[in-house]
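K.L.:
Need a 3D model of the following:
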Amino acid sequence: MNLETVMQELEALGKERTKKIYLSNGAHEPLFGVATGAMKPIVKKIKINQHLAEELYATGNYDAMYFAGIIADPNAMSVSDYDRWMDAAYFYMLSDFVVAVTLSESDIAQEVADKWIASGEELRMSAGWSCYCWLLGNRKDDEFSDEKISNMLDMVKNTIHESPERAKSSMNNFIYTVGLSYLPLHKKALETAKAIGTVEIKREKKKNSFLNAYENIQKEIEKERLGFKRKHVRC
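P.N.:
Below you'll find the model as predicted:
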């Protein structure tokens, strides 16, 4: 399948209701409004195709950019390629659920995520923290440094309330993910979450949201889901 064919198929799958939801979350034209699950039949036809992924991502169409992340070859992309994708990721559904997800399946995931976390740029920070959430929720615990993850928990504890809004959300999710999916630091994640308390996220044109990682971790413990790992990150 080529770019034109994929774009036609995506357009045919678009729903006005889905499009409105994406627009309300920060997407802008062009987009079709394709539910992620509806993309699976096309993914099966294409599987992995980095060249086509690059063409789709370059269209600026939200649905095409999302689809690009599903068919991309994570290890075929360099640090500069991921930076280029982040440059075009204009809102969190692209930064956290396309770029960060794709990055999390690469061998350079931690290197790039660390750089983004330290960037001071809201969406890069958000993508960096989100990448670690995808990593910790999927890979074995022994693939990570306890000291590094511990230091990251300390960083969140000391900076979350003063961080950019979208980064706050991803940092809060990081604590939750460590508490749920990274057993070596489960107790420290709980202590960190309790110390931080409720995190307020200010949102334009919407009511502020309030996040509490401690309460959410406790709910997962009650459901006996401690140590949960995803089998797959991407669709």
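K.L.:
for the protein, which spans come out with low pLDDT?
P.N.:
Using pLDDT under 70 as the threshold, the predicted model of the chain has low-confidence ranges 235.
K.L.:
show me where it has strands.
P.N.:
Assignment of strands within the chain using DSSP state E yields the ranges 199-201, 209-211.
K.L.:
in its sheet, what does the first one sit against?
P.N.:
Right, the one you point to is strand 199-201. If you go by DSSP bridges, strand 199-201 pairs up with strand 209-211 (antiparallel).
K.L.:
just checking, L211 touches I201?
P.N.:
Yes: between L211 and I201 there is a contact under CB atoms under 8 Å: 6.4 Å. Placement of C-beta: from N, CA and C, glycine included.
K.L.:
If you count surrounding residues, which of those two has more?
P.N.:
The residue with more neighbours, out of L211 and I201 and counting by other CB atoms under 10 Å, is L211; that gives 21 against 14.
K.L.:
Report the separation between the residue nearest the centre of the chain and A118.
P.N.:
For the chain, the residue nearest the mean C-alpha position is D96 (2.8 Å; CA atoms, centre = their mean). Counting by CB to CB, to the nearest Å, the gap between D96 and A118 amounts to 17 Å.
K.L.:
Quick check: chain neighbours aside, which residue is closest to the residue nearest to the centre of the chain?
P.N.:
Spatially, and ignoring its direct neighbours in sequence, D96 is nearest to S130 (4.1 Å; CB to CB, 6 or more residues apart in numbering).
K.L.:
wait, isn't that neighbour in contact with N172?
P.N.:
No: when contacts are counted by CB under 8 Å, S130 is not listed as touching N172 (11.1 Å).
K.L.:
So these two - more neighbours on which side?
P.N.:
For S130 and N172, the more surrounded residue by other CB under 10 Å is S130, and the numbers stand at 30 against 23.
K.L.:
Contacts only, for the more buried one.
P.N.:
Remark: with contacts taken as CB atoms under 8 Å, 6 or more residues apart in numbering, S130 is in contact with 95-97, 100-101, 170, 173.
K.L.:
and the gap between it and D154?
P.N.:
Between S130 and D154 the distance is 19 Å, computed by CB to CB.
K.L.:
What is the neighbour count of the spatially closest residue to L135 that is not a sequence neighbour?
P.N.:
For L135, the nearest residue in space outside its immediate sequence neighbours is S104; the separation is 5.1 Å by CB to CB, 6+ apart. Other residues within reach of S104 by the criterion other CB under 10 Å amount to 24.
K.L.:
Where do the helices of this structure begin and end?
P.N.:
Defined through DSSP state H, the helices belonging to the chain, from first to last, are 3-13, 16-24, 40-46, 50-57, 62-71, 79-88, 92-94, 100-104, 109-117, 122-136, 146-159, 165-181, 186-196, 213-222.
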